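[1] Below are the sequence and a predicted model for it; my questions follow.
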Amino acid sequence: MTGPATATGTAAGAEPAGRKIEGRSPWRLAYERLRSDRSAKIAAGTILVIALLAICAPVFAAITGHGPDQQFINIGENANGGPVPPSGTFWFGTDSNGRDLFVRVLYGARVSLLVGVLATAISVALGVVFGLAAGYIGGLVDSLIARVIDVLLSIPLVLIAISVAYISGPGIWLVIVIVGVLSFTYLARIVRGQVISLKEKEYIQAARALGAGPWRIMFTDLLPNVMAQVIVYASLLIPLAIVTEAALSFLGVGVPPPTPDWGQMIDDASGYYQYGYWWYLFFPSLALLITTLAFNILGDSVRDAFDPRGRLFV
Amino acid sequence: MRHFHPRAYGAMVGAVVLIILVAACTSATSISGQPTQALAPGWQGLNPGTGAPQYGGILNMVGVSDVAVMDYDIGYYRTDFQVLRLTVRQLYSWPAIPGHTLTPAPDLATGMPVATDNGLKQTVTIRSGLVWNTSPPRPVTAQDVVRGIKRACNPSPYTFGGMADFESTIRGLTAYCSGYPAAAATSAAVMKQYIESHSVSGIAVSGNNITFTLTRPAPWLIGAMTLPPFSAVPIEAEDGLPGSPQVYGHMYSDGPYEITSYTPKKSITFARNPQWKASTDPLRKAYVNAINVDETGNQATIYQEMATGSPSLGMSFDALAPPAAYSQLLDMIKSGSQLANMGATYQSNPYLVFSTVSPNDGGALGKVAVRQALCYGVQRSQLIKTLGGTAVNIPLTHVLPPGTDGAQDVPGGYDPYPYNPSKARSMLAAAGFTASHPLRLKLLYRSDSQGNTKAFTNIASQLDALGSVSVTGVPTNQSDFYGKYLLAPNSPGNPAPAYQGAWDLALPAFGPDWYGNSAVTWFNELFLSPGGFAANGGVNFGYFSSAAVNDTISQALSQPTEAQADVYWAKADEEVMQAAAIYPITEPLQLAEHAPYVHNAVYMIPFLNFDPANVWLSKPGS
């Protein structure tokens, strides 16, 4: 895809006079496609705002004077111990323990982003390593990794997560590790498939002829050529990790209280909203919705940018 | 290829926002948020209906959990009591008459116990004409009642948890219970052989009379006779181990209903017992034809659906009103609704118990001063507020709540631990715990209970605010809370979780086994050592041990009159509080609700629910 024709009347596809003709790398092309994508810009902006809010959560806590775990039993609960609605004091209202829901939603963003990014990083690292090894080495290694992946794919992630959390006790790092480790399977398969086709290319044969070892070929010659797929998949994995973490917390095996967490807030609020405490469910749900939607849209845009014809991913 | 456009993005967010708001608003009820006017505890909306009570229909009950054990005389939980109310009769039980629900009345018995020999003998006569629904029907005998008492203390995993209440008071019962052969724990045949060939020296049967010879006068014994061990139990119960499928698969009944199916943790169904005669039962009217219990409900939705009049939900089985529903239920009561009820519980629920044997932080909680410091660091009024406010919570500053004799002898206004965070900090500092070296505590709580979760959150917040304490939650569910943590056996090779430091603080609840003259149940169960330890059938979860308290309990039990005993119960109360074995919080009032077509719904404290054996339906369920 080239830039739009200029107003000078240049024929479509022709370079304007005086502009230097230059080759553009696939990365550059992808970046330019992304820059021209309005959805991507809105989604990225949304994510940036969420990240800033998460980083600045202590600032908002200081402004409101409400710590994330601080209970305001006298003014933050009604006469029957229920949450109070949004007001000038509590912008999003309070939760069932008289805590400032606005501050907790901001702190909850930290957990969601932390889990989303770190779990994805683990997933990508494992997926790349196993995918490269399976695709390049092949044979027994390929079969072994394929069977491990088959086994992991045959068991629902949430079921494994619940079992592990039940045995070892819930915790944020446990969630990160579980989601990260159990989500690498699809990426490993994608990388493996790409590597199998790439390893027969001339430049790989040339590298091999020049005496390059398998480590160099895998990580210097092959890895850069599968990074587009890795990035696309990673961008879609982040919202999946966020939602999985929220689901685990909703089920009581994720981030333990009192750490602010959106899934946990939604779980708690599910016993309250029917009785008129709408804000309790509304704000954490909205935060989760906007965050995952923004990541998903950005992921889609990244995919379109790298693969405008939709050949690599369906 | 484009999947989302900015407009679609906005539209999607907007649509979801709208859906959430509409869902919340359409189901919302008013939240008064206003200070609740004083409501008398014990408010009872009978929903009398019009005309004579109607017989027939199916009562559908929905709950969130199962009975603790499906059996004749072992159950020790309110859901167990509720099932027994329908199927198995005790010597005495509770009348479903407002204002009289806490006065034991004859059930199997024909009248009140007759005391002789200066109160050292009590004789009970059982009714004639009662039959089991066996094939062919067989009379219920006094021997069936004795079988129940003997079987209750069996050594299998399912033994009656409240034996400490009365075991040492009935002569020979302790020796009988300790005489079970070890093999009886796993062999129904050995258990049967022991029960049928050994007798309790202090229990004699003559015709329909059962005479109990006591080790000391026990005017409170009639209260104990309302408990499951004083049920008639047919000999067929010995075909299997208590609580096993061999027993509950063929449960016989001498009550108005028989169990037609039972799927653990899923459902129970009851139908009329054709052998039951109303003339032999003064306590149960048995209006409905059948009762279906669905145990797979959800606390919040049960109370949301209740008022809709759906035939599929007439009453809750065990789900207590969630705190989120309090405002709505209190508003109903204030407006005179006959569908809601606020009743006393006479419970301490929840209370904070300290594990005195936890090895954590050098066994800090074994020290009285550390436990006292923690008590000073918790403000009860905050907990009361977050647990639903003063409208539904009576502050409890010591062991015995109102409703238990002995409470009246505790000095008025007695509160050994008024909120004093400065004192708490200084006491903790003296014990070596500071901001740089905080006391680290694990607080065990039930995350499937709104109230328990709120109590945990508030206590953790308050103790953390001291600066020298750091609290970590140990969330668990209802069954694991007791089964896995608090009531787990303790043996040298397999120490209980309390000894392992799996928890330091916990938030259990306790209610007396009967009411009025019932202080013995509080102290023998909660504070006696070692008799009250979980391994010995009690609920002394924190393994609290005090020779002084043991001695005072013994003195209370030796007093010839209840009034004299009450003085010692009050003394034991203060001793327990001085030793900071527990930190009481509240005696809650219980809010409950039933469907509009359910009438004569009498709230019964033993099962914190309306009595299903006495309700009638104006629109029989389907």
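    Sure thing, it's come through.
[2] Show me how chain B divides into domains.
    According to the domain assignment given by automatic domain parsing, chain B is divided into the following structural domains: B:67-242, B:351-588.
[3] will you turn these into TSV that also has mean neighbour count, distance to chain A and mean pLDDT?
    Quick note: C-beta positions are derived from backbone N, CA and C, even for glycine. Listed next are the domains of chain B as TSV, based on neighbours: other C-beta atoms under 10 Å in any protein chain shown; distance: least, C-beta to the nearest C-beta, whole Å; pLDDT from 0 to 100:
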stretch	mean neighbour count	distance to chain A	mean pLDDT
domain B:67-242	20	21	95
domain B:351-588	20	5	92
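[4] continuing past whichever strand or helix holds B:Ser470, what's the next helix or strand?
    Remark: B:Ser470 resides in strand B:469-476, with elements defined by DSSP states H and E. Proceeding C-terminally, strand B:469-476 gives way to helix B:478-480 as the next helix or strand, assigned by DSSP H and E.
[5] Partner strands of the strand holding B:Ser470 and their direction?
    strand B:439-446 (parallel) (DSSP bridges).
[6] which outside residues touch the helix or strand just after the strand it pairs with?
    On the C-terminal side of strand B:439-446, the nearest following helix or strand under DSSP H and E is helix B:450-465. Contacting residues not belonging to helix B:450-465 are listed as A:69-71, A:73, A:81, A:96-97, A:257-258, A:268, A:271, B:299, B:322-324, B:350, B:352, B:374, B:377-379, B:382-383, B:386-388, B:421, B:441, B:443, B:445-447, B:469-471, B:473, B:475, B:505, B:507, B:585 [C-beta atoms under 8 Å, 6 or more residues apart in numbering or on different chains].
[7] Just the ones of those residues in strands?
    Counting by DSSP state E, the members of these that fall within strands are B:Leu352, B:Leu441, B:Leu443, B:Tyr445, B:Arg446, B:Val469, B:Ser470, B:Val471, B:Gly473, B:Pro475, B:Leu505.
[8] quick one: is stretch A:26-43 near chain B?
    Yes - with C-beta under 8 Å from any C-beta of the partner chain as the criterion, chain B is reached by stretch A:26-43 at A:Arg38, A:Ser39, A:Ile42, A:Ala43.
[9] Rounded mean pLDDT for that stretch, please.
    In this model, stretch A:26-43 has an average pLDDT of 83.
[10] Now do it: distance from first to last residue.
    For stretch A:26-43, the first and last residues are 22 Å from each other (C-alpha to C-alpha, to the nearest Å).
[11] List the buried residues of that stretch.
    Across stretch A:26-43, burial judged by 16 or more other C-beta atoms under 10 Å in any protein chain shown covers A:Ala30, A:Arg33, A:Leu34, A:Asp37, A:Ser39, A:Ala40, A:Ile42, A:Ala43.
[12] show me the contacts for the first one.
    For A:Ala30, the contacting residues are A:Ala228, A:Val302, A:Ala305, A:Phe306, taking C-beta under 8 Å, 6+ apart as the criterion.
[13] packing partners for the helix or strand that contains the third one?
    For A:Ala305, the enclosing helix or strand under DSSP H and E is helix A:278-306. Contacts of helix A:278-306 with other secondary structure elements, assessed using 3 or more C-beta pairs under 8 Å, 6 or more residues apart in numbering or on different chains; DSSP states H and E, are made with helix A:26-35, helix A:38-55, helix A:101-137, helix A:223-250, helix A:262-269, helix B:6-27.
[14] Just after the second one, pick out the following helix or strand.
    Tracing the chain C-terminally past helix A:38-55 and defining elements by DSSP H and E, one meets helix A:57-64 next.
[15] Could you tell me which residues of the stretch 151-300 of chain A lie near chain B?
    Among all residues of the stretch 151-300 of chain A, those adjacent to chain B (criterion: C-beta under 8 Å from any C-beta) are A:169-170, A:252, A:256-258, A:268, A:270-278, A:281-282, A:285-286, A:289-290, A:293, A:296-297, A:300.
[16] and those residues, which are buried?
    Buried among these by 16+ other C-beta under 10 Å: A:170, A:252, A:256-258, A:268, A:270-278, A:281-282, A:285-286, A:289-290, A:293, A:296-297, A:300.
[17] Got phi/psi on the nearest residue to B:Asp281 once chain neighbours are set aside?
    Once flanking residues are discounted, B:Asp281 sits nearest to B:Pro256: 6.6 Å by C-beta to C-beta, 6 or more residues apart in numbering or on different chains. Summarising the backbone geometry of B:Pro256 under the convention degrees, to the nearest 10, its torsions are phi -70, psi -20.
[18] Tell me the spacing between B:Pro256 and A:Gly93.
    49 Å (C-beta to C-beta, to the nearest Å).
[19] next one: B:His437
    Distance from B:His437 to A:Gly93, by C-beta to C-beta: 38 Å.
[20] for B:Arg85, same thing?
    43 Å.
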